[in-house]
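Asks: any chance you can model this:
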Amino acid sequence: MVAIYGRADPRPIHPLHAILLSFPFPLFLGTLASDLAYRATFQIQWHNFAQWLNAGGLLVGAFAGLWALINLFRRETRGQRRTILYFVALLAMWVLGLLNAFIHAKDAWAIMPEAIWLSAISALLAFVAAWIGFSGIRTER
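Replies: Reported below is the predicted structural model:
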């Protein structure tokens with residue numbers, strides 16, 4: 001019989017961090033859906049929806065990224081590849097979302113097709129970051 005001291009299972013993330021992390025993916029996915037609807041219908045309101053959804057994803061994503069940055073320097077998670085990958089995914093998501101916000105600042109149809117590509121990549125990175133974040137961060141004591 002072997003006795004193992006310490007935690008072998010992944011440590012769940014803080015509930016507030018989980019709330020912050022749950023918003024960017026649906027917001028960036030909504031941005032992508034609004035851009036696709038704008039491309040199909042030419043209704044300017046879809047462009048406005050995409051702008052607001054992208055801004056919301058950036059706002060909440062910034063707080064989730066700040067939490068991940070602080071988590072990089074905690075003693076329990078310092079230097080772990082998963083923590084670094086999680087922060088890099090959130091940072092890349094936020095930077096591409098910011099570029100998407102700059103693209104959406106153009107006049108109506110001038111946003112196509114860059115807005116769709118940036119929205120899709122931002123949504124994918126938000127999904128990857130949420131997957132890594134919700135899968136837990138291993139701590140060893």
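
Asks: scan this protein for its longest helix.
Replies: helix 44-72 (DSSP state H).

Asks: centre of the chain versus that helix, how much separation?
Replies: Relative to its parent chain, helix 44-72 has a centroid offset of 8 Å by Cα atoms, centre = their mean, to the nearest Å.

Asks: low-confidence ranges, the protein, go.
Replies: Residue ranges of the chain with pLDDT under 70: 1-11, 77-79, 136-141.

Asks: what about the helices in it?
Replies: Using DSSP H, the helices of the chain run over 15-21, 24-41, 44-72, 81-104, 114-134.

Asks: tabulate the CA atom coordinates of the fourth one in PDB.
Replies: When you say that, I think you mean helix 81-104. Only the C-alpha atoms of helix 81-104 are listed here, as PDB (Å, rounded to 0.1, in the frame of the first residue of the first chain):
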ATOM      1  CA  ARG A  81       3.400  25.000 -18.600                       C
ATOM      2  CA  ARG A  82      -0.400  24.800 -18.300                       C
ATOM      3  CA  THR A  83      -0.600  28.200 -16.500                       C
ATOM      4  CA  ILE A  84       1.700  29.800 -19.000                       C
ATOM      5  CA  LEU A  85      -0.300  28.400 -21.900                       C
ATOM      6  CA  TYR A  86      -3.500  29.600 -20.300                       C
ATOM      7  CA  PHE A  87      -2.200  33.100 -20.000                       C
ATOM      8  CA  VAL A  88      -0.800  33.100 -23.500                       C
ATOM      9  CA  ALA A  89      -4.200  32.000 -24.900                       C
ATOM     10  CA  LEU A  90      -6.000  34.700 -23.000                       C
ATOM     11  CA  LEU A  91      -3.500  37.300 -24.100                       C
ATOM     12  CA  ALA A  92      -3.700  36.300 -27.800                       C
ATOM     13  CA  MET A  93      -7.500  36.300 -27.500                       C
ATOM     14  CA  TRP A  94      -7.500  39.800 -26.100                       C
ATOM     15  CA  VAL A  95      -5.000  41.200 -28.600                       C
ATOM     16  CA  LEU A  96      -6.900  39.700 -31.600                       C
ATOM     17  CA  GLY A  97     -10.100  41.000 -30.100                       C
ATOM     18  CA  LEU A  98      -8.500  44.500 -29.900                       C
ATOM     19  CA  LEU A  99      -7.500  44.300 -33.500                       C
ATOM     20  CA  ASN A 100     -11.000  43.200 -34.300                       C
ATOM     21  CA  ALA A 101     -12.300  46.300 -32.500                       C
ATOM     22  CA  PHE A 102     -10.100  48.500 -34.600                       C
ATOM     23  CA  ILE A 103     -11.400  46.800 -37.800                       C
ATOM     24  CA  HIS A 104     -15.000  47.300 -36.600                       C
END
